[in-house]
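Q: I would like the atomic coordinates for the input below:
(chains A and B)
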Amino acid sequence: MTTTATGTIAPWASTAPDPTAAQRAMRLHFGLWMFLATVTMLLAALSSAYLVRRSGTDWRPVALPSLVWWNTLVLAASSAVLELGRRRRAGLGLATGLAGASLLAGVFIVGQVGLWRALAAQGIYLLTNPHSSFIYLLTGVHAVHLLAALVVMLVTLATLGRRDADTRAALCATFWHFLTGAWVYLLALVTWV
Amino acid sequence: MSEAHDPGFIRRYIFSTDHKIIGIQYILTGLVMGMVGGLLAVLIRIQLGWPTAQWELLERLMPRGYPSGFMAPEFYISVVTMHGTIMVFFFISYVLVSGFGNYLVPLQVGAKDMAYPLLNMLSYWFALLSAVVMMASFLVEGGAAAAGWTAYPPLSAIASAVPGSGLGQSIWLVSMAIFIASFTMSGLNVVATIFTMRAPGMTMMRLPLTIWSYFIAAILGLLAFPPLTAAAVLLLFDRHLGTSFFLPSGLVVAGQPLSFQGGSPLLWQHLFWFLGHPEVYVLILPALGIVGDVLPAFTRKPVFGYRLNVYSLIAVGVLSMVVWGHHMFVSGMSPFTGEYFTLATMVITIPMTVYGVNLVASLFGGRMRLATPMLFSLAAVALFGSGGFGGLFLGNATADMQLHDTYFVVGHFHFMIGGVTLMGTFAALYFWFPKMFGRSMHEGFGKLHFWGTFAPFFMVFFGQHFLGLQGMPRRYYAFNTYEYLEGTAGQNTMLSVLVMVLVAAQFVFMVNFLWSLFKGQPVEANPWAATTLEWTVASPPPHGNFGDTLPAVHRWAYEYSPDGTGEDFAPQTAGPNDAPITA
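A: Model prediction:
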């Protein structure tokens, strides 16, 4: 912090109207975290609906097929690959990290569709009981966010040559890890609560 | 950058990423939507004022809504629903929150533009799309949504319940989803711009109250709207996929039992009001912030208790998230829960009262100049005080049991999120019109508009409080069949006449607005001799706002009549040698 005779000036403040790369990165990260706060509120609201509805007499817990644990592993691996690539560790680069994570994301989404089919094969559909309604709904809501993040990741991969590539990859990673964490949370919710 | 920027007409005025253009786009869209909402109010009041009259002209215009010249009850409830929806989400939100928010935030914090200009443009186009989709619902089979702006299930969840519960309700939900996406983009921009793009020296405690109010409102919007999104998704599942999130068992429509079971309609109410209550602060805080900045410009003295006002805004923001249950006192909630929500509601009145009383105290000892923006600001303060007083009764579970769903509530919220916001909006329009367009609005017509607006507005909604005390319920389309309400017929007719006066006065505004755009008196950079940063640049400000160097800020926004200088005011950019620094 620099202090002037007239007050405190924030470290990012300057009289130049256009931001530096560092300022741009800071602004984008700030915006992303605000956005993640809104997604958190969305999940919190759905969770509270889940808890309220769970007290109904027609609630019959549904056990998820074991495929779900493999899917979770794949998603966690995609987060790890992205992070390693972004930090250029384990012989991975930015491009390989993004590409690897995108590929694993595709596998995860295919796996989730497989999960739905496995449930349906057991005769558990959206309308079977409120727990199954929530399972389909929550996995669907998560998948929609994941697909949006995947599009962003692929765009980042395609535009690596442009400015702020590292920043944009870091933003992707933050969003992606958030969605991995959100999936673990949702899985815990529908499995144990 | 300001130099050599000529992107052509389309990029400059239509698909612009300039926050000023986007702000004006929002304001104009919102004003058009406000006219629609106002005309719907006229239809409501015609019905309530003259429930037995036959209207041939209306039948010719809207044959489905007025079979044989009488208003259909289903049409009435659609009109009420759309009036509320349009005024809350498409008029006040667009003009006051997104419109002036966009226009003022970068200018008043001393930034070149919003933090994410492209996202900003996208937010406007989503907003326009959402408005168009909502208007389209008037034209579909069964007409527009009819479950109120609160869209309570089962009415909103069962397509066969009333005509408006069909396609109209689906379109309502889709439009709201687009609106929420737009509002989220806009809110992200406001928070990020205020937090990360303030000019050098513009500390948080030097921000004008306008900016503080937008800051708190945007955070509230970001945190409160997602639960409505969640609720809307669940409702769409119930409507179209047959789930039972909100629908209990035992429902019967037209003699046919429905297959839903186990759901809770109260769950919707909780999720809705978790948004709904913060949302009223999202709307009213910007009006209060703007009033806090307009008053000092017309009293030539600082706003009273600036720091306390800021702390009050923050406190209101936090508390607004934990009082939603006071909309649900009669929903069968536990008396202990009701007790909590009563207590929380009484607590939130404290910071709001502090803010309101500080606004009144800001008038003492000032050299008051009653120009149009000042008149509207005073009206906002008056409505805030009177409406807030009514809120004390509604926020208290014991009194609310009696008053719930009566016109007391209608009168109360029209004073608050209807009136304070409307007066704040007009104060802002008259105050910043010269900055936006480089010309001032006509003062005489402005005063005529003010008295034509404020006087009938106050009488109408003050009167509705008394209708509520007499037990007149809201949302009913006629009262002539209830013996105990016979005495209200004359009052209702009088209120309807006053609403016609109110609406007629808005034509004065429209003429003044359009005339002043082209023929108004050209103005200099700072026609009101105000202190904030937007008045230091030309009217209208150039693209990029401040040119190649951002302004350095040396003081707060309320340096009016500074000591020992003989000057009337010192702008925020005036250095320590120009005038002593207060804050």
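Q: Distance from the chain centre to the longest helix anywhere in chain A, please.
A: Taking DSSP state H as the criterion, chain A has its longest helix at helix A:21-54. In terms of CA atoms, centre = their mean, to the nearest Å, the centre of helix A:21-54 is set 10 Å apart from its chain centre.
Q: So which elements touch it?
A: Under the contact definition 3 or more CB pairs under 8 Å, 6 or more residues apart in numbering or on different chains; DSSP states H and E, helix A:21-54 sits against helix A:130-158, helix A:165-192, helix B:167-196, helix B:209-241, helix B:265-299. Where you see a C-beta, it was placed from the backbone N, CA and C, and this is true even at glycine.
Q: relative to helix B:209-241, how tilted is that helix?
A: Orientation note: helix A:21-54 sits at an angle of 50 degrees relative to helix B:209-241 (axes from the mean of the first three to the mean of the last three CA atoms, to 10 degrees).
Q: in the chain, which ranges drop under the pLDDT threshold?
A: The chain I'm using is chain A. Counting by pLDDT under 70, chain A contains low-confidence residues at A:1-13.
Q: You answered for a different chain; I wanted chain B.
A: Using pLDDT under 70 as the threshold, the predicted model of chain B has low-confidence ranges B:1-6.
Q: Spell out the residue ranges of the strands in it.
A: Residue ranges of the strands in chain B, as given by DSSP state E, are B:252-253, B:256-257, B:439-440, B:521-522.
Q: The second one pairs with which strands?
A: Strand B:256-257 pairs in its sheet with strand B:252-253 (antiparallel), by DSSP bridges.
Q: Quick one: residues in contact with the strand it pairs with.
A: Judged by CB atoms under 8 Å, 6 or more residues apart in numbering or on different chains, the contacts made with strand B:252-253 from elsewhere in the structure are B:158, B:160-161, B:258.
Q: Just the buried subset of those, please.
A: B:158, B:161, B:258 (16 or more other CB atoms under 10 Å in any protein chain shown).
Q: now, which of the residues you listed sits nearest residue B:58?
A: Of all those, the one with the least separation from residue B:58 (CB to CB) is residue B:161, at 25.4 Å.
Q: quick one, what contacts that closest one?
A: With CB under 8 Å, 6+ apart, residue B:161 has these contacts: B:154-155, B:253.
Q: and it, backbone torsions?
A: Geometry field for residue B:161 lists phi and psi as phi -60, psi -60, criterion degrees, to the nearest 10.
Q: related to what we said a few turns ago, and the contacts of strand B:252-253, which two are furthest apart?
A: B:161 and B:258 (10.0 Å).
Q: Select, out of the strands of chain B, the one closest to residue B:555.
A: strand B:439-440 (26.7 Å).
Q: Contacts for that closest one, please.
A: Identification of contacts with strand B:439-440 by CB under 8 Å, 6+ apart yields B:433-434, B:516-517, B:519-523, B:527.
Q: switch to 7 Å and redo it
A: Strand B:439-440 is touched from outside by B:433-434, B:516-517, B:520-523, B:527, with contacts defined as CB atoms under 7 Å, 6 or more residues apart in numbering or on different chains.
Q: Which among those count as buried?
A: The neighbour-count criterion (16+ other CB under 10 Å) marks B:433-434, B:516, B:520, B:523, B:527 among those as buried.
Q: I'd like those residues laid out as JSON lines, including distance to chain A.
A: Listed next are those as JSON lines, based on distance: CB to the nearest CB, whole Å:
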{"residue": "B:433", "distance to chain A": "26"}
{"residue": "B:434", "distance to chain A": "24"}
{"residue": "B:516", "distance to chain A": "31"}
{"residue": "B:520", "distance to chain A": "30"}
{"residue": "B:523", "distance to chain A": "25"}
{"residue": "B:527", "distance to chain A": "25"}
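Q: circling back: could you identify which of the strands of chain B is most buried?
A: Burial of the strands of chain B is given as mean neighbour count (mean count of other CB atoms under 10 Å in any protein chain shown); strand B:439-440 ranks first at a mean of 20.
Q: Any figure for the gap between the spatially most central residue of chain B and chain A?
A: Closest residue to the average C-alpha location of chain B: residue B:92 at 3.2 Å, with CA atoms, centre = their mean. In this view, residue B:92 and chain A are 21 Å apart by CB to the nearest CB, to the nearest Å.
Q: do residue B:545 as well
A: Using CB to the nearest CB, residue B:545 is found at 8 Å from chain A.
Q: neighbours of that residue, just the number please.
A: The local packing count at residue B:545 equals 24, with neighbours defined by other CB atoms under 10 Å in any protein chain shown.
Q: surely it meets residue B:536?
A: No - using CB atoms under 7 Å, residue B:545 and residue B:536 do not qualify as a contacting pair, with a distance of 10.0 Å.
Q: Chain A contacts on the stretch 101-250 of chain B?
A: Counting by CB under 7 Å from any CB of the partner chain, the residues of the stretch 101-250 of chain B close to chain A are B:112, B:115-116, B:184, B:188, B:191-192, B:195-196, B:198-201, B:203, B:222-223, B:226-227, B:229-231, B:234, B:237, B:241-245.
Q: So what does residue B:578 look like in phi/psi?
A: Main-chain dihedrals, residue B:578, degrees, to the nearest 10: phi -80, psi -40.
Q: Report the contact partners of it.
A: Taking CB under 7 Å, 6+ apart as the contact definition, residue B:578 lies against residue B:570.
Q: swap in residue B:111?
A: Applying CB under 7 Å, 6+ apart, we find residue B:111 in contact with B:193, B:197, B:199.
Q: Same list (these) but as JSON lines, adding neighbour count.
A: Formatted as JSON lines, the contacts of residue B:111 follow (neighbours: other CB atoms under 10 Å in any protein chain shown):
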{"residue": "B:193", "neighbour count": "28"}
{"residue": "B:197", "neighbour count": "25"}
{"residue": "B:199", "neighbour count": "25"}
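Q: isn't residue B:309 right up against residue B:353?
A: No - with contact defined as CB under 7 Å, residue B:309 does not reach residue B:353; the gap is 11.9 Å.
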